[in-house]
Structure formats: C-alpha cells, structure tokens
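Novice: Structure for the following, please:
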Amino acid sequence: MNAASAITTPSLRPAFADVDAAGRALRLECLWIAPDRATAPLLVFLHEGLGSVAMWKDWPAEVCEAAGCRGLVVSRYGYGQSTPRPPQEKWPVDFMHREARDVLPALFAALGVDTRRDKPVLFGHSDGGSIALLYAAMHPDAVAGIVVAAPHTFVEDVTVANIAQARQAYLDTDLRGRLARYHEDVDSAFWGWNDIWLDPEFRRWNIEDYLPRIACPVLAIQGVDDEYGSLAQIRGIRRHAPQTVLLEIPDCRHSPHKDQPAIVIQAVADFVGALDKPGRP
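Specialist: Numbers count the residues shown, from 1 in each chain. The predicted structure is shown next:
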C-alpha cells in the first residue's frame, strides 16, 4: 500500500486523494473539517452502504464542533465522487474486510495521517460501522476509539428482506433519482451494495470472531426501531468486547444521526472527551 498523491483543502469543499490499495489505483473523495485544530482529535466518518460525503450533509461538522475535533469525511470506492465501480465488477463477500485492511490504511498514508502518533477516532454508520469494527480489530495500535451506529456483525433475515425491498424501490420508484444527487455514478453505488447483500454467499458473512481483538473504547449506537437489524447486533459487540458502551435510542430507525441527531452528537462529544481521561469508557 502506498500513496501516489493527496490533496486536502481547509474549506468545506470535497477534494480527492489518489490511493493505491490492493493493487488498484483509486481516487477517493475526501472532506476535511476544521483542519486548523491541529492538536485536536481526528474524527473519521465512514458512511453506510448507500452513503457518500454529500449524504452526511452538515452533520459531521456539527459533531466536530461539539466535540472540538478535526474531521475527515470519505466516500468509499464506488460512491459519491470517488472512482466508480465498473458495471461488471461485483463486490466480494469480504469487501468490508478489504476496506479495513487495505484501503483505510492506504488513505491515511496518502493524507499524511500518522495513525501511530495521531490515532483517529472512527465514526461508522451501518456498513461503515462494520468497517470501523474490523479496522479496530486489525489495527489495534492505530485507533483511539470507535463509535459504531447501526453496525452489522452478522446477517439477519430482516436486513436481507429490507434490502430486497430497496431493490424493488430502486427499480419502481424515484429512489434512483433521489440517490443520484449524492453519487456521480448512482448505479455503481446502488448495485454494488444491493447485489452483494442479496448474494446467497453473503448470508454466511460474520465478523464476530474479530470483535474480541478490539482493544480500544467502543460506543455502539442503535435505534430501537432499526428496520435493517435487531439490537442483537450491538449487544453482541458488548458481549465480545466488554469495554463497549451501548446506546439504544427509542423512536429511532436505522440512521440514528438523522433520526435523533442531538442525542448522537452529545454521545459522540462525551465519548471523545473521555478518551484521554482516567476511567474512560
């Protein structure tokens, strides 16, 4: 893994990092928030299966302001303004493992982030939460803490059923047009995510064996009414990684940062603020 080049900008306009990861040259969309807070913790935002830099809207900036952090928001390969996925290419079953093992370290190197000395805090939503868990397990010395919102650690029937409904909505409703506002190649984003989650081989996907390897503090957040997964997801994280603090939010579905933004912002700010203090979570 090595970086060809990286471009950052202090304004709230996306820029791009050129990354060589797993033998592939990728151009990844990045957004820096408050980079002038040079000594503040770095909070890295990892999006959901249909997310992107733009889809987060102003929420990462609000969190960084509340927590006194710098921020880095990234669109994964195939999403947002990042390199699109070719139509014939299918995500492999271990695509989240590859993101955590290969792409994130290469991206940090490209951006000049020395994760041994400047350990980031990861905020991952849904698939991004799973990637954050895998990263913390694979690189325990390169992360200060992780916040995971509605993460997946194994595949549930309810998840597959709702992803199948999303497929039909993409074909029959205006969902494609609405998502196209956030992705240069909306079909790259949608079908990459939808096809792998509905692949019968993916039903055996499970990352619970990685969870005991996580050494850093963990805050696991989930809506009580999450339509894409049960509370067994985050409760299982705490069972395997006992340092995990749970936040189960009533009147909240699969996107806690959208459904209950104030609660999640305060929880993240408190979590980050406690990381370097005695008795941290």
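Novice: residues in contact with Pro242?
Specialist: For Pro242, no residue meets the contact criterion (CB atoms under 8 Å, 6 or more residues apart in numbering). To be clear about C-beta, it is placed using only N, CA and C from the backbone, and glycine gets the same treatment.
Novice: Just the pLDDT at it, thanks.
Specialist: Predicted confidence (pLDDT) for Pro242: 98.
Novice: ok, Trp32 touching Cys69?
Specialist: No. Using CB atoms under 8 Å, Trp32 is not in contact with Cys69; the gap is 11.6 Å.
Novice: Please say which of those two ends up with more neighbours.
Specialist: Cys69 (25 against 20; other CB atoms under 10 Å).
Novice: which residues touch the more buried one?
Specialist: Each residue near Cys69 by CB under 8 Å, 6+ apart is listed here: Ile33, Ala34, Arg37, Ala40, Pro41, Leu42, Leu43, Val63, Val121, Val272.
Novice: Any of these buried? List them.
Specialist: Buried positions within those, assessed by neighbour count (16 or more other CB atoms under 10 Å), are Ile33, Ala34, Ala40, Pro41, Leu42, Leu43, Val63, Val121, Val272.
Novice: Pro105: which of the residues you listed is nearest?
Specialist: Comparing the buried ones among the contacts of Cys69 against Pro105 with CB to CB places Leu42 closest, at 14.4 Å.
Novice: same for the helix or strand harbouring Val268, what does it pack against?
Specialist: Assessed by DSSP states H and E, Val268 sits inside helix 261-274. Packing partners of helix 261-274 (3 or more CB pairs under 8 Å, 6 or more residues apart in numbering; DSSP states H and E): helix 59-67, strand 121-125, strand 145-149, strand 218-223, strand 244-249, helix 256-259.
Novice: Quick check: which helices or strands does the last one pack against?
Specialist: Right, helix 256-259. Short answer (3+ CB pairs under 8 Å, 6+ apart): helix 256-259 packs on strand 218-223, helix 261-274.
Novice: do the same with the second one
Specialist: Counting contacts by 3+ CB pairs under 8 Å, 6+ apart, the secondary-structure elements packed against strand 121-125 are strand 42-46, helix 127-138, strand 145-149, helix 261-274.
Novice: how about stretch 71-87 as PDB, C-alpha atoms only?
Specialist: C-alpha atoms of stretch 71-87 as PDB (Å, rounded to 0.1, in the frame of the first residue of the first chain):
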ATOM      1  CA  GLY A  71     -12.900  15.800  10.900                       C
ATOM      2  CA  LEU A  72     -12.300  13.700   7.800                       C
ATOM      3  CA  VAL A  73     -15.300  12.500   5.700                       C
ATOM      4  CA  VAL A  74     -14.600  10.000   2.900                       C
ATOM      5  CA  SER A  75     -16.600   8.400   0.000                       C
ATOM      6  CA  ARG A  76     -15.500   4.800  -0.500                       C
ATOM      7  CA  TYR A  77     -14.600   3.400  -3.900                       C
ATOM      8  CA  GLY A  78     -17.800   3.300  -5.900                       C
ATOM      9  CA  TYR A  79     -19.600   6.000  -4.000                       C
ATOM     10  CA  GLY A  80     -20.000   9.800  -4.200                       C
ATOM     11  CA  GLN A  81     -17.400  11.400  -6.400                       C
ATOM     12  CA  SER A  82     -14.900   8.600  -5.800                       C
ATOM     13  CA  THR A  83     -13.800   6.200  -8.600                       C
ATOM     14  CA  PRO A  84     -16.900   4.400  -9.800                       C
ATOM     15  CA  ARG A  85     -17.200   0.600  -9.700                       C
ATOM     16  CA  PRO A  86     -17.200  -0.800 -13.300                       C
ATOM     17  CA  PRO A  87     -20.600  -2.300 -14.100                       C
END
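Novice: Enumerate the positions of that stretch that are buried.
Specialist: Buried residues in stretch 71-87, defined by neighbour count with 16+ other CB under 10 Å: 71-85.
Novice: how distant is it from the center of its chain?
Specialist: 12 Å (CA atoms, centre = their mean, to the nearest Å).
Novice: List the residues that contact Asp172.
Specialist: Listed by CB under 8 Å, 6+ apart, Asp172 has no contact partners.
Novice: tell me the pLDDT at it?
Specialist: You'll see Asp172 listed with a pLDDT of 98.
Novice: And Leu122, by the same measure?
Specialist: 98.
Novice: Using CSV, lay out the helices and strands packed on helix 261-274 together with distance to Asp195.
Specialist: Output for those, formatted as CSV (distance: least, CB to CB, whole Å):
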stretch, distance to Asp195
helix 59-67, 28
strand 121-125, 20
strand 145-149, 24
strand 218-223, 25
strand 244-249, 30
helix 256-259, 25
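Novice: Much appreciated, bye for now.
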